[in-house]
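J.: Build the 3D model from these lines:
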Amino acid sequence: MNITLRQLKVFSSVVKHNSYTRAAEDLNLSQPAVSMQIKQLENQVRLPLLEHVGKKIYLTQAGQIVLQHARDVLQQIDDLDAVLNEYKEPGHGRLRIAAATTANYFAPALLRIFHERYPLVSVHLDVTNRKALLAQLAENDVDMVIMGMPPGEMDLEAGSFMENPLVVIAPPDHAFATGKKIPLRALEKEIFLVREKGSGTRQAMERFFRKHDLKITYGMEVSSDEAIKQSVQAGLGLGLMSRDAVQMELTLGRLIIPDIQRFPLMRSWYLVSRKGKHLSPSAQAFRDFVLNEAKGLLRKPPISAL
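T.: Just a heads-up that it's a prediction; the model follows:
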C-alpha cells in the first residue's frame, strides 16, 4: 500500500465532521479534492471505508480499523512535530554530553549554570574514560565531549576553553614537602602511580618523562583519579593528575603539590564534536557558553607549591 498522510487527514476530517463539505472547509480544499482523496485511499486498501445512507455517512468495518490507525499515525506526527519544534530554539530540546573522568570535577558546575539559563533543556551527562569518549564520538552517540587533547587522526572539531595544569601530588609528610624547588632528576628516585593505558594523563606523563630522558619507576596501574589520590595518601607513591582533581584534598591538607622543576605541565581542556556534525540550537548554545564563559566561571587561584 502507498497510503499518504494527506489521505489519512482527509479521511479523519470527513469522519469527524460527517460531511465532505465541512471537511473541505476544515482543510481548505475543494469538495471534489476531498472526494478524490477518499477514493484514492479506498483504492489503496481495496475496501470501501464509508457508506452513504441518505445524507449521513457511516464507517464500514474496514473504515473503523483504518480510522483507529489513522488517528494513531496523525497523533504520532503531531508528537514528532512538537519534539522537533523544541530543537528549533536553544531553550528547549535534549543535550548529550560526555566528559573525561577528571572533567567530572568541574563539568557538573558548568552544567548547573547552563541549566539555570536553559531550564527546559534536558541534559544527559556520561562520565567515562578517554577510550569510551572517543568511541562515543566515532559512533555519533553524543553531541559533544569534554576532554584533554583530542587525537589528531580523528576527524574532529575541538575548541580549547580552559587551562588544565597537570601537577605532581604527594602525601603531606613526603620528603618533597620542603617548600624548596625540587630538581627534576629527583623524580627518578620515586615511584609513580599511573592511570590505565590510553589515559590522556598517562600519555602526557610518559611523553614528558621521555622528552627529559628520565628513568621513572612506575608502580600500580590505577583506573581512576580517586584511587590514585587514595593510594598517594597511603604512601604508595606519587601521582600526576589535573589540578582540577585535587582541590578538595589540597584544602583539607591531605595532599600537597611539591614545587618541582618544569612543573606543572600545561595542557588544555577541549570541547570536542565530530567535524561537520549539525548541532541543534541547544547544543550550539552549550558550545558557545563553554567556549566563551567557562574559563571565567571556573577560574582557579594560582597554583601554589604546597
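J.: export stretch 101-117 as PDB, just CAs?
T.: The C-alpha trace of stretch 101-117 is given here as PDB (Å, rounded to 0.1, in the frame of the first residue of the first chain):
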ATOM      1  CA  THR A 101      36.700  11.300  34.300                       C
ATOM      2  CA  THR A 102      38.900  14.100  35.500                       C
ATOM      3  CA  ALA A 103      36.500  16.700  34.000                       C
ATOM      4  CA  ASN A 104      33.900  15.400  36.400                       C
ATOM      5  CA  TYR A 105      35.400  17.700  39.000                       C
ATOM      6  CA  PHE A 106      34.100  20.800  37.100                       C
ATOM      7  CA  ALA A 107      31.700  19.700  34.400                       C
ATOM      8  CA  PRO A 108      28.700  19.500  36.800                       C
ATOM      9  CA  ALA A 109      29.300  23.100  37.900                       C
ATOM     10  CA  LEU A 110      29.200  24.200  34.200                       C
ATOM     11  CA  LEU A 111      26.000  22.200  33.600                       C
ATOM     12  CA  ARG A 112      24.400  23.700  36.700                       C
ATOM     13  CA  ILE A 113      24.900  27.200  35.400                       C
ATOM     14  CA  PHE A 114      23.800  26.200  31.900                       C
ATOM     15  CA  HIS A 115      20.700  24.600  33.300                       C
ATOM     16  CA  GLU A 116      19.800  27.800  35.200                       C
ATOM     17  CA  ARG A 117      19.900  29.700  31.900                       C
END
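J.: Please give the element, helix or strand, for residue 63.
T.: helix 61-86 (DSSP states H and E).
J.: Would you mind listing the buried residues in that helix?
T.: Using 16 or more other CB atoms under 10 Å as the burial criterion, the residues of helix 61-86 that qualify are 63, 66, 67, 70, 86. Placement of C-beta: from N, CA and C, glycine included.
J.: residue closest to the middle of this structure?
T.: Computing the C-alpha centroid of the chain and ranking residues by CA atoms, centre = their mean puts residue 97 first, at 1.3 Å.
J.: So what sits opposite it in the bridge?
T.: residue 125, residue 144 (DSSP bridges).
J.: What's the separation between residue 114 and residue 91?
T.: Plainly put, residue 114 is 11 Å away from residue 91 if you go by CB to CB, to the nearest Å.
J.: Please say which of the two ends up with more neighbours.
T.: Shown here are residue 114 and residue 91; by other CB atoms under 10 Å, residue 114 has more neighbours (21 against 13).
J.: Check what pLDDT the residue lying closest to residue 200 once chain neighbours are set aside gets.
T.: Nearest non-adjacent residue to residue 200, counting by CB to CB, 6 or more residues apart in numbering: residue 148, 3.9 Å away. The model reports residue 148 with a pLDDT of 93.
J.: so how far is the helix or strand residue 168 falls within off the chain centroid?
T.: In the assignment (DSSP H and E), residue 168 maps to strand 156-169. The chain centre lies 18 Å from the centre of strand 156-169; the measure is CA atoms, centre = their mean, to the nearest Å.
J.: Which residues in the next helix or strand along the chain from that strand does the neighbour count mark as buried?
T.: As assigned by DSSP H and E, the chain's next helix or strand after strand 156-169 is strand 191-195. Neighbour counts using 16+ other CB under 10 Å place 192, 193, 194, 195 of strand 191-195 among the buried residues.
J.: closest to residue 45 among those?
T.: Nearest to residue 45 among the buried residues of strand 191-195: residue 195, at 62.6 Å, using CB to CB.
J.: so who does that closest one touch?
T.: With contact set as CB atoms under 8 Å, 6 or more residues apart in numbering, residue 195 has these partners: 201, 202, 221, 222, 223, 224, 225, 228.
J.: give me that answer again for 6 Å
T.: Neighbour list for residue 195: 201, 202 [criterion: CB atoms under 6 Å, 6 or more residues apart in numbering].
J.: in the sheet, who's paired with it?
T.: Residue 195 forms beta bridges with residue 222, as assigned by DSSP bridges.
J.: follow-up on the earlier one: tell me the helices and strands packed up against the helix holding residue 63.
T.: helix 5-17 (3 or more CB pairs under 6 Å, 6 or more residues apart in numbering; DSSP states H and E).
J.: isn't the residue nearest to the centre of the chain right up against residue 122?
T.: No: judged on CB atoms under 6 Å, residue 97 makes no contact with residue 122 at a distance of 11.4 Å.
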